[in-house]
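A.B. asks: how does the following fold in three dimensions:
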Amino acid sequence: YKKMKQSNESFRCYEKAIQLDPNNILSRMAHAAILIEWKNYNEAVAEYDKILLGNRTYRNAYRERGIVKFLSKSYSDAVDDFTRYLLFDQSDASVFYYRGLCKVANSELLDGCLDLSTAAEMGYEGAEKAIKNSCE
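C.D. replies: The predicted structure follows:
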């Protein structure tokens, strides 16, 4: 259903998978992704919270929850999630990019621009434009 872009059916299947195995991280991640697609940000955050309650080291949940918090303009909370992700992996330029945008939105220009610069150095598309818009 997911490959056929049938979100409603896909969502129902992931819900069933989660009922059968509440600790199924991949089903919960996919379930949350559909919630984001539908702009149900609070429900998506709750899904990521459940994942992290069972597995504090599942770094992808921090990144994805941070993006949802960014989309819902909870910038400080998003920065916290992106920072937690970076404790595990500093090779994802998108995390530096989004954390930089959040810091800029929180008027932490120096730190935000440093993160955007890191993302640009790592080749993240959009980072240069963000630097021009916010840091020059």
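A.B. asks: in stretch 21-41, which residues are buried?
C.D. replies: 24-25, 27-36, 41 (16 or more other Cβ atoms under 10 Å). For the C-beta atoms, the positions are set from N, CA and C on the backbone; glycine is no exception.
A.B. asks: could you give me the average pLDDT of stretch 104-121?
C.D. replies: Taken as a whole, stretch 104-121 carries a mean pLDDT of 97.
A.B. asks: can you give me the buried ones in that stretch?
C.D. replies: 104-105, 108, 112-120.
A.B. asks: now do stretch 2-21
C.D. replies: Buried residues in stretch 2-21 (16+ other Cβ under 10 Å): 10-11, 13-14, 17-18.
A.B. asks: can you list those residues in a markdown table and add secondary structure, pLDDT and distance to residue 71?
C.D. replies: Below are the buried residues of stretch 2-21 laid out as a markdown table (DSSP: H, G, I helix; E, B strand; the rest coil; pLDDT from 0 to 100; distance: Cβ to Cβ, whole Å):
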| residue | secondary structure | pLDDT | distance to residue 71 |
| --- | --- | --- | --- |
| 10 | helix | 87 | 21 |
| 11 | helix | 90 | 19 |
| 13 | helix | 88 | 25 |
| 14 | helix | 88 | 20 |
| 17 | helix | 91 | 25 |
| 18 | helix | 92 | 23 |
